[in-house]
Each structure stands twice: as C-alpha cells, then as structure tokens.
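Engineer: let me see the structure of the following:
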Amino acid sequence: MIFAFGAAPANAADKPIETFRTGTADAGTAPAQSLKTTTSPLEGVALETLTEMSDYSDLPHGFDVEATIELAESEIGTSRPTGWSMPGECIMSAKRWIEAGDGAWVGSGNPVNNYEGATRLTIADAQPGDIVQYEHIEFPTSWVTGVHTVLITEVHDDGTFTIIESNNPGGSGLVSKDEAWVPAPPSGFQAVVWRF
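Structural biologist: Numbers count the residues shown, from 1 in each chain. Below is the predicted model:
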C-alpha cells in the first residue's frame with residue numbers, strides 16, 4: 001500500500017459533493033436586522049481610569065442600606081429564573097436589592113459600566129451595603145466565566161464578611177447567605193468593591 005499526501009482515495013473521484021441547509025428560507029433573503037446605538041457618559045474615558053481604585057473609602061452610601069439588606073435577607077432560600085438579565089442572576093439580584101433602598105443603579109451593559117455613578121473601592125474599605133464584583137483583570141468589561149456579584153451585609157473584625165448572593169451554584173438562581181465569606185476570585189480575576 002502506498003500513501004501520498006494530498007491524494008484523494010481512488011473511490012472518491014466520482015462521488016458528488018452534497019450541501020445541506022436547514023429551514024426553507026432562501027439564503028438570499030435573510031431577515032432584516034437593525035442596530036440601535038446609544039452614547040454612554042463613559043465614552044472616551046480611558047479604561048485604566050475606570051479600573052483605578054478610589055481614595056474615597058469614607059464616602060457615605062447614597063441610599064437606605066438597611067432597606068437594601070432587609071430585602072436581600074427576605075429572599076434567602078428563594079430561587080429565580082437565570083439567563084441574560086433574568087432576576088436570578090447575581091448582578092440582577094444585587095441591583096434589585098440596591099434599588100429597594102432607593103439606590104441609583106443606572107449603569108448596565110458590562111461589568112464596569114454597570115457601576116456608572118458608583119465609587120470603586122478596595123476590599124479593605126468595604127462596608128455593609130457595598131457590592132463586590134469579581135472582575136476579570138485583563139478583560140474587565142467582559143462577561144466571562146468567573147464574574148460574580150455579592151452584597152456585603154456585615155464586616156467582621158477577623159477580615160471576613162457576611163454576604164448575600166444569588167445564583168451560586170451557577171444556574172440555580174438561589175439566594176443564599178454566607179456569614180464567614182472571604183473574597184476568593186478565580187485565577188485572573190480581582191474582587192472590586194463598588195459603593196452607590
């Protein structure tokens with residue numbers, strides 16, 4: 001038996017090439033699409049500026065922290081649907097809780113733009129009512145696997161936190177409480193604190 005690179009098997013020469021298409025639509029009549037663009041107030045701001053930590057750790061919250069925590073506590077043990085912008089997603093739950101205290105969570109779109117109007121802090125400056133976002137270090141504006149959002153409800157002297165989170169484990173939409181939480185972002189991520 002002799003093999004030659006680039007040679008087709010002898011029995012392949014007479015076989016027709018078949019193509020397969022799904023559906024009945026003609027390839028030349030694709031459905032119409034439109035793109036709506038908007039201008040962000042962050043347009044033109046360097047990404048490095050958006051990801052810098054703030055020096056405003058003593059800045060007060062601009063909402064009712066107790067009302068936020070009260071709603072989050074009332075949801076422990078419940079589950080909601082998950083998927084893009086669904087109420088069981090971690091960030092959508094955190095947004096719902098902040099808004100329950102009349103917090104102005106107006107950003108959206110990606111893990112940085114979501115916090116438009118909030119102050120970026122370090123974990124050492126975290127207080128009850130702050131949001132912790134696991135953010136990808138190299139691609140902070142990407143929704144990559146590992147992005148997660150929690151609400152801090154207590155700060156403990158031993159360096160741990162009490163947090164309320166949603167959708168952990170992923171896909172469950174479950175709201176749960178951890179009373180000895182320590183940030184443990186996946187490799188390539190960092191824990192960023194946001195204060196509204």
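
Engineer: got any ranges where this structure has weak pLDDT?
Structural biologist: Under the criterion pLDDT under 70, the flagged ranges of the chain are 1-55.

Engineer: all strands for it, in order.
Structural biologist: For the chain, applying DSSP state E gives strands covering 119-121, 131-136, 148-155, 161-166, 175-181, 189-195.

Engineer: for the shortest one, buried residues please.
Structural biologist: Read that as strand 119-121. Under the neighbour-count criterion of 16 or more other C-beta atoms under 10 Å, strand 119-121 has 119-121 buried. All C-beta atoms are positioned from the backbone trio N, CA, C, and that covers glycine.

Engineer: quick check: end-to-end length of stretch 135-149?
Structural biologist: For stretch 135-149, the first and last residues are 9 Å from each other (C-alpha to C-alpha, to the nearest Å).

Engineer: centre of the chain to it, how far?
Structural biologist: Computed by C-alpha atoms, centre = their mean, to the nearest Å, the chain-centroid distance of stretch 135-149 equals 7 Å.

Engineer: equivalent analysis for stretch 119-126, please.
Structural biologist: The answer for stretch 119-126 is 18 Å, by C-alpha atoms, centre = their mean.

Engineer: what's the end-to-end length of that stretch?
Structural biologist: 11 Å.

Engineer: can you check stretch 150-166 too?
Structural biologist: Start-to-end, stretch 150-166 (C-alpha to C-alpha) is 7 Å.

Engineer: and for stretch 168-175?
Structural biologist: OK, stretch 168-175 end separation, C-alpha to C-alpha: 8 Å.

Engineer: before we move on, what about stretch 112-120?
Structural biologist: First-to-last residue span, stretch 112-120, C-alpha to C-alpha: 10 Å.

Engineer: buried residues in that stretch?
Structural biologist: Within stretch 112-120, the residues that qualify as buried are 112, 114-116, 118-120, counting by 16+ other C-beta under 10 Å.
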